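**Q** What follows is a predicted protein model with its sequence.
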Amino acid sequence: MGRWLAAEHPQITEPAHWTRATCVAWVATVDRMRIGDYVERTATRGVFGDPMSPSTKDSALTASRAFFRDLQEWEWIPRRFDPGRALETPRSIRALLGPNPRVIADEVWAKLLWAGINLTSEDLPTTSSGPRYPLELSRAVALTWLFSGQRSDEIRRLRTGCVRWQHDGTAVSPDAADVLARDAVCLLDVPTHKTGTSFTKPVDPLLGQAIEVWQAVRPEQPVMLDAKTGERVEFLFAHRAKRVSKDYINRTIIPALCTKAGVPASDVRGKITSHRARSTIASQLYNAKEPMTLFELQAWLGHRSPSSTQFYAKISPKTLAKAYSEAGYFARNVRTIEVLVDRDAVASGAAAAGEPWQYYDLGHGWCTYTFFEQCQHRMACARCDFYTPKGSSRAQLLEAKSNLQHMLASIPLSDDERAAVDDGQTAIEALLARLTDTPTPSGPTPRELGFPTTATMLPIVEVRQVPDDVVIRTARGV
C-alpha cells in the first residue's frame, strides 16, 4: 500500500490524509493487481505478472480494513470514513471465494472403491526395510478415506475403539459374527474436528470390518497427545510409536489406488486429493435414488451450519437432466399432430394445380390448410372450407389410398391454446368465444358458419392406440 501511494498519490504521507476517494482507488487497484505489483522483487519467478488470486485480494482488503479500523478506534486518526464500507471487498471478488468441492466422476470413483477393497501389499510402495506400514493399517486407512467422508486430519486422529456395531438399536459385540452378518449397523465415532464437537455417524460395514482387522493385529502403542483437544489418547492409526504421517493419504494411498484402478491421478477438476472424497461421497448421498435431506447430510458430514453443507450438496447433471425432462417444458409449449402427405397428388402435379396434398389430423376430421400452424382456429376448428369430416366419402377415399406418407408436425401453442389442452372444457369454451368473430382461412367467421360458440364435446382425458381400434376415454367414460 505504501509503494502504491508513493507511485500514484505522493501527496498522501500519513493515514489521516486518506479519504473515501483514496479508498475507492485502492480497492480498484487491488482488484486489478497482479503478482509482483508494488512488492520488492528479490528474485525472478515465473508467476510474476499473473493475475492475483481472489483470496489474496480479499486478504489485502481485509488487512486494510483492520488497519484503519484500529487507528480510528485508538483515536490516532479522525474518523473520516467507515473502513467496513469504504474498503469493502467487491462483490465480484466475493463471488469467487468460498469452498469449491471438486466431485470425482462416478466411473472413476467406482474404480477407486474397487481398488481400495482389493488392496494388496504388492500395490503399496516399499523401502529397503520393507513396507512402511502393515497391510492391515494401509487397507483400513484406504477404506476410511473411501467410505467415511472425513477430512484427512480427522482420519489421523481416530482413536482405538471408534467403531461400534448395532442391530435393531441394540449394541452388538464384534465377536457376534452371526448377528453382524444380518443387517448390522456400523457406527463410527469421529473426534472433535474442524468445525464442531465429536459425533457419531453410520458407515459401511466394510469399513468397520477393516478397522476391526487392524485393531486385532495392532501392536501396543503409547498414548499420544491430541493437539486439538489437549488429551492423551490411543490413536487408531499409529505404528512404531508414531501416528501415520500427514501426507500419507495424498502421497501414498491415493497414488496406489489410482495405479491399481488404472485411472489418472488428476482429472479435469485437478489432482485427486484427500478432501475430494468428502465432496464426492456427499454429492452421491444427495443425488441417490433415496437421497439424504440437507439436514441429514449436514449431520453425517458434521457441519455446524447447513450453509456449509450446501457447498457439497450439488445436484448432479444426470439428476438435473431427469428433472428437466420430467418437467415437460418443451411438451408444454409444443404439441405434435399427425400429418398425411398424398404422394400421388405430389407426383402427378395435382398439388401444383391447387389440389390438396397435405392433411392435418384433427381427430374429428382433416384440415387441408397449408399454413395450419398459423391458423387461429387450429385448437377450436370452425370447420371452414378447408375442413373435411372423417365420415365423408372424400375422407374415406383419402384413407383408402395406399401411397400415403404419415408424418408428425410440432406446432407451438399460445397461452389460450395451452390452457385449452391443460384445463379442459372451460378453457375450450373461452377459446371458442374469443374466436367467434375471427375469420377462418377461407374467409367466413365461425359466427357466419353457424359454428357453436360453446363446446358440446366432453374433454378428452386419454387417447390410447390398441390393436384394430382407438380407445378415447373422456371425463364420463369411454
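**A** Alright, I've got the coordinates.
**Q** Would you check how far apart Lys246 and Ser325 are?
**A** Note on Lys246: its distance to Ser325, by CB to CB, to the nearest Å, is 46 Å. Quick note: C-beta positions are derived from backbone N, CA and C, even for glycine.
**Q** same check, this time on Trp357
**A** Counting by CB to CB, the gap from Trp357 to Ser325 is 36 Å.
**Q** Thr120 too?
**A** Distance, Thr120 to Ser325, using CB to CB: 44 Å.
**Q** Kindly report the same for Val223.
**A** With distances taken as CB to CB, Val223 is found 57 Å from Ser325.
**Q** quick one: the helices in the stretch 51-200 of the chain?
**A** Along the stretch 51-200 of the chain, counting by DSSP state H, counting those that start in this stretch, helices occupy 54-73, 83-86, 91-94, 106-117, 135-147, 152-156, 177-180.
**Q** What's the local residue count around Leu431?
**A** Number of residues near Leu431 (other CB atoms under 10 Å) recorded here: 19.
**Q** Nearest residue to Ala7 in space, please, no chain neighbours.
**A** Using CB to CB, 6 or more residues apart in numbering and skipping the chain neighbours, the partner closest in space to Ala7 is Tyr38 (7.4 Å).
**Q** Contacts only, for the closest residue to Ala382 other than its chain neighbours.
**A** Setting aside the residues directly before and after it, Ala382 is nearest to Pro446 in space (CB to CB, 6+ apart), at 3.9 Å. For Pro446, the contacting residues are 377, 382, 432, 435-438, 440, 453, by CB atoms under 8 Å, 6 or more residues apart in numbering.
**Q** same question, Pro441
**A** 369, 371, 375, 377, 384, 386.
**Q** swap in Ser92?
**A** Residues counted as contacts of Ser92 (CB under 8 Å, 6+ apart) are Asp31.
**Q** Likewise for Pro264?
**A** Here Pro264 is in contact with Cys258 (criterion: CB under 8 Å, 6+ apart).
**Q** I figured Tyr359 hits Cys367, correct?
**A** Yes. Under the criterion of CB atoms under 8 Å, Tyr359 makes contact with Cys367 at 7.1 Å.
**Q** what sits in contact with each of the two?
**A** Residues touching both Tyr359 and Cys367 (CB under 8 Å, 6+ apart) are Thr388.
**Q** Which residue lies nearest the spatial centre of the protein?
**A** In the chain, the centroid-proximal residue (CA atoms, centre = their mean) is Ile315; its distance is 2.4 Å.
**Q** helix/strand/coil for that one?
**A** Three-state call for Ile315 (DSSP: H, G, I helix; E, B strand; the rest coil): coil.
**Q** does it really touch Asn287, like I thought?
**A** Yes. Counting by CB under 8 Å, Ile315 does reach Asn287; the two are 6.5 Å apart.
**Q** Show me the shaky parts of the stretch 201-350 of the chain.
**A** Filtered on pLDDT under 70, the stretch 201-350 of the chain yields the residue ranges 328-335.
**Q** For it, which segments count as strands?
**A** Assigned by DSSP state E, counting those that start in this stretch, the strands in the stretch 201-350 of the chain fall at 224-226, 231-233, 238-239, 242-243, 266-267, 270-271, 334-342.
**Q** out of those strands, deepest packed?
**A** strand 238-239 (a mean of 18; mean count of other CB atoms under 10 Å).
**Q** Direction included, what does that strand pair up with?
**A** Looking at strand 238-239 with DSSP bridges, its partner strands are strand 242-243 (antiparallel).
**Q** How much space separates Ser279 from Trp109?
**A** In this structure, Ser279 and Trp109 are 11 Å apart, going by CB to CB.
**Q** Pull up the gap between the residue nearest to the centre of the chain and Val47, please.
**A** As judged by CB to CB, Ile315 and Val47 stand 36 Å apart.
**Q** What's the end-to-end length of stretch 368-383?
**A** Stretch 368-383 has an end-to-end distance of 11 Å (CA to CA, to the nearest Å).
**Q** Can you give me the buried ones in it?
**A** 368-369, 372, 375-383 (16 or more other CB atoms under 10 Å).
**Q** repeat for stretch 81-98
**A** Buried-residue list, stretch 81-98, by 16+ other CB under 10 Å: 81, 83, 86-87, 89, 93.
**Q** What of stretch 429-448?
**A** For stretch 429-448, burial by neighbour count (16+ other CB under 10 Å) applies to 429-432, 435, 440-441, 445-446.
**Q** can you redo those residues as a markdown table with pLDDT, distance to Val103 and secondary structure?
**A** Below are the buried residues of stretch 429-448 laid out as a markdown table (pLDDT from 0 to 100; distance: CB to CB, whole Å; DSSP: H, G, I helix; E, B strand; the rest coil):
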| residue | pLDDT | distance to Val103 | secondary structure |
| --- | --- | --- | --- |
| Glu429 | 73 | 52 | helix |
| Ala430 | 74 | 49 | helix |
| Leu431 | 72 | 48 | helix |
| Leu432 | 75 | 53 | helix |
| Leu435 | 79 | 53 | coil |
| Thr440 | 83 | 57 | coil |
| Pro441 | 79 | 55 | coil |
| Thr445 | 83 | 61 | coil |
| Pro446 | 80 | 58 | helix |
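**Q** Pick the one among those closest to Trp76.
**A** Ranked by distance to Trp76 (CB to CB), the buried residues of stretch 429-448 are led by Ala430 at 74.8 Å.
**Q** follow-up on the earlier one: can you add distance to Pro10 and give the buried residues of stretch 429-448 back as CSV?
**A** Shown next, in CSV, are the buried residues of stretch 429-448 (distance: CB to CB, whole Å):
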residue, distance to Pro10
Glu429, 81
Ala430, 75
Leu431, 76
Leu432, 81
Leu435, 77
Thr440, 82
Pro441, 80
Thr445, 83
Pro446, 83
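**Q** Can you pull the poorly scored residue ranges out of the stretch 351-478 of the chain?
**A** In the stretch 351-478 of the chain, residues with pLDDT under 70: 379, 393, 395-405, 407-411, 413, 415-428, 452-478.
**Q** who does Phe235 bridge with?
**A** Counting by DSSP bridges, Phe235 forms beta bridges with Arg159.
**Q** so Gln150 touches Ser274, yeah?
**A** No. Using CB under 8 Å, Gln150 is not in contact with Ser274; the gap is 9.3 Å.
**Q** higher neighbour count, those two?
**A** Comparing Gln150 with Ser274 by other CB under 10 Å, the one with more neighbours is Gln150, at 26 against 19.
**Q** and the more buried one, what does it touch?
**A** Neighbour list for Gln150: 144, 190, 193, 278 [criterion: CB under 8 Å, 6+ apart].
**Q** what's the most distant pair in the contacts of Pro446?
**A** Thr440 and Thr453 (14.3 Å).
**Q** So what's the residue count around Thr13?
**A** Thr13 has 11 neighbouring residues, counting by other CB under 10 Å.
**Q** pLDDT wise, what is it at?
**A** Note for Thr13: predicted pLDDT of 92.
**Q** gap between it and Ala66?
**A** According to CB to CB, Thr13 stands 21 Å off from Ala66.
**Q** what do you get for Leu236?
**A** Distance check for Leu236 against Ala66: by CB to CB, it reads 41 Å.
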